[in-house]
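Undergrad: I would like to see how this sequence folds:
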Amino acid sequence: MTMNSRFAQNATLSLLVTSLFAGVPVAAAQAQTAPSASESSASAPAAPIQGLYDALKTAQTTGKTAQQRATMIAPAVDHAFDLEAILRRSVGVRYNNLSAADRTRLLGSFRQFTIARYASSFKPGSNAVFTILPQTRPNPTGGQIVDTTIGGGSDGGTPIDYIMTSGPSGWRITDILLDAHISQVAAQRADFGGALSQGGASGLADLLDRKTTKFLHD
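TA: You can find the predicted model right below:
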C-alpha cells in the first residue's frame, strides 16, 4: 500500500465510529460551501456530496483551528446529511423508546460530533484528492448510490460510496460505505449499542460530547 493509499484509508476510516471510539487519530482530505437548494433537486443526488467536499477543501486550506474548521464545515454537514435518519438507524429499535428530550439531546450531540470529527480529520497541509463519479446507481433497498474516491494524486484512491435518499429536503446522505461495503451505520450500531446498554441515551450523548471536545482540541 502506498503512502497516499494509507492516507486515504486513514481519512476514510475517520468516517467510521470503530476508529473514532477507539480514539485513533486520523489524517485529512479536501473540499467548501454547501450548494444552493436548487442544486439538491431530485435530479442531482451528488450535489450535497459536492458541497460537503467543497467545504472540507476550504476548511483544509484556510481553517487554522479545529473550531474555525467546524464553523466552515457545519452548514455543509447540515445540508448533506440526514443526521436524524442516520442516528435512528445507528441506535436501532431502542430509538423508538427514547423520550423526545432524549432524542433531541442525542441528535444535538451527534451533530456536533459529526462536525467536529470532520474538523479534526481535514486539517491544513493535506493534499488528498476527492473524485465524484458522474453516474449514480440504484441502491437495492431504495435511493441512489453516489460513488466517490478519496486519495492522493498518484493513486486511484479509496472508494467511498454514499447512500442518498430523497425526502422533503432533497437528497441527503443516509449511510456511507467504505470500500463499497463497510457501512458507517452498521459500525455505529455496534458501538452505540454498548454505550446505550451502559448509560442509556444520556450515557451515549455524554460519550459523543467527550469525543467532540477531544476532536476540537488542537
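Undergrad: Flag the shaky bits of the protein, pLDDT-wise.
TA: Low-confidence segments of the chain, defined by pLDDT under 70: 1-43, 127, 152-155.
Undergrad: list the helices and strands the top helix by length along the chain packs on?
TA: In terms of residue count, the longest helix belonging to the chain (DSSP state H) is helix 184-215. Packed against helix 184-215 by the contact rule (3 or more CB pairs under 8 Å, 6 or more residues apart in numbering; DSSP states H and E) you find helix 17-21, helix 83-91, helix 100-121, strand 170-178. Bear in mind the C-beta positions are built from the backbone N, C-alpha and C, glycine included.
Undergrad: make it 10 Å
TA: helix 17-21, helix 66-80, helix 83-91, helix 100-121, strand 158-167, strand 170-178 (3 or more CB pairs under 10 Å, 6 or more residues apart in numbering; DSSP states H and E).
Undergrad: Out of the ones you listed, flag the one nearest L208.
TA: Closest to L208 of the helices and strands packed on helix 184-215 is helix 100-121 (CB to CB; 4.1 Å).
Undergrad: what comes up buried for that closest one?
TA: 102-103, 105-107, 109-121 (16 or more other CB atoms under 10 Å).
Undergrad: CA atoms only for it, dumped as CSV, please.
TA: This file holds the C-alpha atoms of helix 100-121, laid out as CSV (Å, rounded to 0.1, in the frame of the first residue of the first chain):
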residue,chain,number,x,y,z
ALA,A,100,-38.5,13.4,23.0
ALA,A,101,-36.0,15.1,25.3
ASP,A,102,-33.5,12.2,24.9
ARG,A,103,-33.9,12.2,21.1
THR,A,104,-33.3,16.0,21.0
ARG,A,105,-30.2,15.9,23.2
LEU,A,106,-28.8,12.8,21.4
LEU,A,107,-29.3,14.4,17.9
GLY,A,108,-27.6,17.6,19.0
SER,A,109,-24.6,15.7,20.4
PHE,A,110,-24.4,13.5,17.3
ARG,A,111,-24.5,16.6,15.0
GLN,A,112,-21.7,18.3,16.9
PHE,A,113,-19.7,15.0,17.0
THR,A,114,-20.1,14.6,13.2
ILE,A,115,-18.9,18.2,12.5
ALA,A,116,-16.0,18.0,15.0
ARG,A,117,-14.9,14.7,13.5
TYR,A,118,-14.5,16.3,10.1
ALA,A,119,-12.9,19.4,11.6
SER,A,120,-10.3,17.2,13.3
SER,A,121,-9.7,15.0,10.3
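Undergrad: Toward the C-terminus, what is the element adjacent to it?
TA: strand 129-132 (DSSP states H and E).
Undergrad: So what are the sheet partners of that following strand and their directions?
TA: Using DSSP bridges, the strands paired with strand 129-132 are strand 144-151 (antiparallel).
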